[in-house]
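**Student:** Predicted model and sequence below, questions to follow.
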Amino acid sequence: EPILTMQPPSQNYHYPPQGAATQGIPPHGGAMYNQPGYGQHAAPGGNVTYQPYSGYPPAPAASGEPSHQPNNQHYQKQPSYPPLPQQMSNMNINNQPSMYTGVPQYKVSLAAGGPQPPSYPNQPAAPTKRLDPDAMPSPIQVIHDDRLNRGSEVFRTEGRGVSTPATTQFTTEDMGDASPRFVRCTAYNLPATADMAKNCQVPMSLCIKPMASLPEGEIPPLMVDPGPDGPIRCKRCKAYMCPQFAFTDGGRRFQCVMCNAITDTPHGFFDHLDHMNQRVDKYRRPELCRGSYEFIATKDYCRNDKPPNPPAFIFALDVSYNAIKSGYVDLLCRQLHSLLDTLPREMNQEKSAIKVGFITYNNVLHFYNLKSSLAQPQMMVVSDVSDVFVPLQEGFLVSLEESRHVIDSLLEQIPEMFRDTRETELVFAPVIQAAVEALKSADCAGKLFMFHTSLPIGEAPGKLKNRDDRKLIGTDKEKVLFNPATNFYEKLAKDCVSSACCVDLFLFPNQYVDVATLAQVPQLTGGQVYKYNFFRSDIDGGRFIKDFAHGLQRDIVFDAIMRVRTSTGIRAVQFYGALYMGNTTDVELAAIDCDKAIQVELKHDDKIAEEYGAFVQIALLYTSVGGQRRLRLHNLNLSVCTQLADLYRSCETDVLMNFMAKKSVMSGLQLSPQKIREELITQISVTLATYRKHVASPSSPGQLILPECMKLLPVYLNCLLKNDAIHSSHEVSTDDRSYLRQLIISMDVTETQAFLYPRLIPVFSDSISDGGIPPSIRCSEDRMKETEAFILENSVSMFLWIGQSVNPVWIQNVFGVQSAAQIDIDLVNLVVYDNEDSKSLRGLVANLQATRSRHMKFTIVRQRDKLEPWFKHLLVEDRGASGSSSYVDFLCHMHKEIRALLN
């Protein structure tokens, strides 16, 4: 008689509430309740009963159930689950003996007549229905409730505590700890010992977004000039001065919060203490009162002990036959005229200090002399791509302001010069090598924007061949497809990082291009991959230019090194993100922008004293777009607990899922998808079983009890397991799956949450007319009506689904046609019409696009047309066409796994 019960660590919540009327309660202590669930209200008279049986839930009845595919056959395919985690027997998890045998079945009766009688072996099975989804935790309701409760509050970072969720809009006031916009933690009460962490299996991890953009009204990290001697540091562990350092001996010494070493206060930094032993100048020095701040770095923090030069941007355009035919070359050259005026610059600068250079290539490389003294650009061709070099000492990287007329002339000439090309073979690696040599020659950091169309099969270093063996999908060898084909590109990426050359790669493929290999350079250099399949400038051009403009204009820093220092007892052991690790401590970043997040896994190396807590300091040394060397610090103070209840009370599920998603992607290079699935389910089962045994109050063994902070963990885990990046699929290409994996590795908490559980928004909501984003609904076909239209977005793609019975007046106002059948589904932008329906919908789409770091592909889907299966693929609470489990089925399975551990 399993009952779904959510509870915070301090107490248990039961449905129905204890003491409720017992009429209709089935035998064996089962429960029947009319309690509305999470997210949507239960149907009137909807009674939920539970009965023992053996076997998985059968396929839904043919009538009354939504169809995910025209033939509805996929319902007959049961989800495949890993075997029970027998290896966990040493956990010594036990509980009351099971009250029944077999796998629990959940049975829903919508009639008002009460619960069904229990079924027994040899008894004909009664008709069954699914467990009522309204009885299960809803991400939509959790997000909605938190926005109501805390959306208007100011989050002050004083003291230790759980931060506001990433899905809630809030304002931060820095009171000595870093804003959650910069750093979040999976748990804000860390376990005191390694044994405690091992038993509960809750990962200790940080999501760090060191250069995050701040909303209007929040103060950015303040700048401190420490003078010629540089920032004040601990003499032993080299941690930087922060608010948690304690001053003693009248201010003449300070104690490090990391290693407890005592350091003499330098004479120039000395000040007296007040009656609270606080520095009297505390609020005049950001490093003594704020969680995030910056130091101007001295020459000791610079390469070769000299100040850096301003960085450079290099644009490398593929001008092969496929590139010219796609139209991207002509489009990009036209748009660059104006986009170059928007290069990033320092806040106090009128013009950007960034220099620019251009390369075009097919099976050879073309360099351009853009010296301001020239009337026209000069082309120089390097045909020996086996040992590439830059044939220009001067004139390749130039000031935009000084050489503007030459640059404009080049952008006009490039499409014409290669309009009649027939060259189809391409090189790839030599272009990156040339950019590295150019930056070395100019003694500056920089970024390469590379635009590429096809597999590099030209005779050159880094040559690739088609290795897309679809027969490996679903086998133990599937991981081979997602590993780079050669270690050449890892070595090339190392050279890029050494020269502070970041690479952004824009792909326009018509066939397989081996994204798993080509994306290695962007990923290891702090860059990003953009992908536009079967690119057509008239259809995809707008999205491409918006992505490129954002990548060009966003806040970015170069030649960065990040180090995570921790207090005694814990240490950083693993890093996930667009980064390179030359050793075990320093994160090397050719560049990092405001959208990139890095996940850091922490482990115990000793017991942590509960009374002292734990402390983390993130130091990012970088070169700004103006050429100034700086040091940015983020400090985070965490509590430590010896009681599991305190740990479970302080977890942040969204950060947990961000960590699990990134770890799964990286594990996919060594493990099969099935093995990853088994490990994830086992880990979460142990986490929830440990909670049940050690924290939850005594209850029926058939009850599924979830901690309040983790009640969304099962639904999010199921979303991750069925995500195309992880889940084996013959419908999604290898390149597309590699591309999604590359996206996940750099996502922050907000984007990961949306990517795993998309937003489904009714577009007829009254709040659209107010210019806002209407509340989402649960991501299931059951929540949709054919008389309405819905937008679904997951931070990568956006769909507008139109029901077949939508009001024709709305269709006329939005699309200018009389019926849904007449809508042009090839539209990638909504047509502008002067009426409220059109304005409201276009405003909603624009608002949703503005919340994401990449421009989402917009697709119109009519109910029951050929594109609808792709739309339904993202309805993550439903069973997938490939047999992936629904939320209901997966919750049943998680309950089975937890019971197995407890028994």
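**Tutor:** That came through, no problem.

**Student:** do you know how far the nearest residue to Asn483 once chain neighbours are set aside is from Ile705?
**Tutor:** Leaving aside its sequence neighbours, Asn483 sits nearest to Leu669 (CB to CB, 6 or more residues apart in numbering; 5.4 Å). Any C-beta I mention is one placed from the backbone N, CA and C, and that applies to glycine too. Distance, Leu669 to Ile705, by CB to CB, to the nearest Å: 36 Å.

**Student:** Please identify which of those two sits among more neighbours.
**Tutor:** Ile705 (23 against 13; other CB atoms under 10 Å).

**Student:** Which residues outside the host helix or strand of Val600 are in contact with it?
**Tutor:** Per DSSP states H and E: Val600 is located in strand 598-604. Here strand 598-604 makes contact (CB atoms under 8 Å, 6 or more residues apart in numbering) with 190-191, 193-194, 197, 203-210, 562, 564, 566, 569-579, 587, 658-659, 662-663.

**Student:** end-to-end on stretch 131-139?
**Tutor:** End-to-end distance of stretch 131-139 (CA to CA, to the nearest Å): 17 Å.

**Student:** What's opposite the closest residue to Tyr648 other than its chain neighbours in the beta bridge?
**Tutor:** Counting by CB to CB, 6+ apart, the nearest residue to Tyr648 once its immediate chain neighbours are dropped is Pro707, at 4.3 Å. Beta-bridge partners recorded for Pro707 (DSSP bridges): Gln7.

**Student:** can I assume Arg571 sits in a strand?
**Tutor:** Yes: checked against DSSP: H, G, I helix; E, B strand; the rest coil, Arg571 lies within a strand.

**Student:** Look up which residues are beta-bridged to it.
**Tutor:** Beta-bridge partners, per DSSP bridges, of Arg571: Lys603.

**Student:** Run through the residues that contact it.
**Tutor:** If you count contacts by CB under 8 Å, 6+ apart, then Arg571 has 602-603, 605 around it.

**Student:** Equivalent analysis for Pro484, please.
**Tutor:** So Pro484 contacts 490, 516-517, 520 (CB under 8 Å, 6+ apart).

**Student:** and if you look at Asp595?
**Tutor:** 554, 746, 748, 853.

**Student:** do you know how far the closest residue in space to Ala821 that isn't next to it in sequence is from Glu731?
**Tutor:** Sequence neighbours aside, Arg862 is the residue nearest to Ala821 in space, at 7.5 Å (criterion: CB to CB, 6+ apart). Arg862 is 20 Å from Glu731, where distance means CB to CB.

**Student:** Look at these two and report which has more neighbours.
**Tutor:** Of the pair Arg862 and Glu731, Arg862 is the one with more neighbours under other CB under 10 Å, namely 20 against 11.

**Student:** gap between stretch 518-529 and the chain center?
**Tutor:** Its chain's C-alpha centre and that of stretch 518-529 lie 16 Å apart, by CA atoms, centre = their mean, to the nearest Å.

**Student:** just checking, which of the contacts of strand 598-604 belong to helices?
**Tutor:** 194, 197, 658-659, 662-663 (DSSP state H).

**Student:** any idea which of the residues you listed is the one closest to Leu332?
**Tutor:** Using CB to CB, Lys662 is the member of these that sits closest to Leu332, with 31.7 Å.
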